[in-house]
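Q: Turn this into a structure:
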Amino acid sequence: MTILVTGGRGHVARSVVGQLLEVGEKVRVASRNPTAVTAPDSVEVVGADLTRVDSLIPALAGVSKVFCYADPAGIDSVVTAAQDAGVGHVVLLSASPVTAANPGANPLAVMHRAAEQALLDSELSWTFLRPATFATNTLQWAQSIRREGVVRAAYPEAHTDAIHEADIAAVAVRALTEDGHVGRAYLMTGPESVTQRQQVEAISAAIGRPVEFVELSPADYRATLAQWGADAVEEVLRHLAATDGVRQPVIDTVEVVTGRPARTFAQWARDHADDFR
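A: Modelled structure (predicted):
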């Protein structure tokens, strides 16, 4: 049987595809823009609009399990089409904010909780992945590092528990290929608490040239993030202020599920060094 991976251009999805192939699974990738998907020749790439059931029907033909992102705009269609196609299991990439004491205050948590609820209300079996901060978030610094060797941001001593996308994918692959993961919600972090300044230092070491952290005031940083939308920007600033000088707890979920420790941010920086060169 085939495993369908949606959102084929995403960092986690690409890693899921690669790791599924390594364990001998047959993989199909669905994307709204299939011509933009880069995948090995053995992978079938199909076009699918996750908001339309009729678009998903051919993508799900012969599919036993699905990996998908928690997008509330399309989750109802995915659930309906997957149930009709007889899919056995769905692994949903959600996010750690859904576990917060007041998730309604966080737009990201609201979005992911809605997607989780759609699966909870369905007839499908599921596994939820709830990673903390994605290490790939630091790719927002790539342009300024490449051009100027500089990162401009607020709160250089704000801590993060950043997780490598390959570790998220590794847990996803276990949930897609092994028994024992049905009905489980996996909260995941990286193996260490690192500051933004330490992340910049790790990227500098990975690319072999100096990178300067230029500290901005919260107000100035807010202005540089305006394109994200007011709600998202305020949540980012709130989070950075709350973690300024505060080490973040780490969880060994990756090691427990996969049998090996999670990758450090320094490893992530080495894996992505070309993005910053």
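Q: Would you verify that G190 is located in a strand?
A: No. With DSSP: H, G, I helix; E, B strand; the rest coil as the criterion, G190 is located in coil rather than a strand.
Q: can you pull the contacts of it?
A: Applying Cβ atoms under 8 Å, 6 or more residues apart in numbering to G190 gives the contacts 132-133, 135, 161-164, 167, 250, 262-265. For glycine as for every other residue, the C-beta is placed from the backbone atoms N, C-alpha and C.
Q: Mind doing that once more with 10 Å?
A: By Cβ atoms under 10 Å, 6 or more residues apart in numbering, the contact list for G190 reads 131-135, 160-164, 167, 248, 250-251, 254, 262-265, 267-268.
Q: Ignoring the adjacent residues along the chain, who's closest to it?
A: Leaving aside its sequence neighbours, G190 sits nearest to I163 (Cβ to Cβ, 6 or more residues apart in numbering; 4.3 Å).
Q: same deal with G62?
A: Per Cβ to Cβ, 6+ apart, closest to G62 is T2, 5.3 Å.
Q: Quickly list what that neighbour is bridged to.
A: Here T2 sits in beta bridges with K26, V63, as judged by DSSP bridges.
Q: need the helices for the stretch 151-277 of the chain, in chain order.
A: 165-177, 196-207, 218-224, 230-242, 253-258, 265-271, 273-276 (DSSP state H, counting those that start in this stretch).
Q: out of the ones you listed, nearest to A13?
A: Closest approach to A13 among the helices of the stretch 151-277 of the chain is made by helix 165-177 (8.1 Å; Cβ to Cβ).
Q: I'd assumed Y186 was in contact with G180.
A: No. Between G180 and Y186 there is no contact under Cβ atoms under 10 Å: 11.8 Å.
Q: More neighbours: the two, which one.
A: Neighbour tally, G180 and Y186, criterion other Cβ atoms under 10 Å: the higher count belongs to Y186, 22 against 10.
Q: Hmm, I168 and that one touching each other?
A: Yes. Between Y186 and I168 a contact is recorded at 9.3 Å, counting by Cβ under 10 Å.
Q: Overlap in contacts, those two.
A: In contact with both Y186 and I168: L129, R130, P131, V254, using Cβ under 10 Å, 6+ apart.
Q: Filter these down to the buried ones and express that as a PyMOL selection.
A: Filtering these down to the buried ones (16 or more other Cβ atoms under 10 Å) takes a single PyMOL command:
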select buried, resi 129+130+131+254
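Q: Return the subset of the shared contacts of Y186 and I168 lying in strands.
A: Among these, the ones falling in strands (DSSP state E) are L129, R130, P131.
Q: what's near enough to touch the second one?
A: Read that as R130. Applying Cβ under 10 Å, 6+ apart to R130 gives the contacts 70, 92-99, 112, 116, 168, 185-189, 253.
Q: Check the residues you listed for burial and list the buried ones.
A: 70, 92-98, 112, 116, 168, 186-189, 253.
Q: tally of neighbours for the nearest residue to R263 once chain neighbours are set aside?
A: Once flanking residues are discounted, R263 sits nearest to H164: 4.1 Å by Cβ to Cβ, 6+ apart. Residue neighbour count, defined by other Cβ under 10 Å, stands at 27 for H164.
Q: Let me know the pLDDT of H164.
A: Looking at H164, its pLDDT reads 98.
Q: sorry, back to before: list just the nearest of the ones in strands among the shared contacts of Y186 and I168 to V150.
A: P131 (28.2 Å).
Q: can you tell me which residues contact the residue lying closest to the closest one once chain neighbours are set aside?
A: Ranked by Cβ to Cβ, 6+ apart and with sequence neighbours excluded, the top spatial neighbour of P131 is M188, at 4.6 Å. Residues in contact with M188 (Cβ under 10 Å, 6+ apart) are 96, 129-132, 161, 163, 167-168, 170-171, 250-254, 256-257, 262.
Q: go on, Q267?
A: Contacts of Q267 (Cβ under 10 Å, 6+ apart): A135, H164, A166, D167, G190, P191, A202, A206.
Q: where along the stretch 1-150 of the chain do the strands fall?
A: 2-6, 26-31, 44-47, 63-69, 89-93, 125-131, 150-153 (DSSP state E, counting those that start in this stretch).
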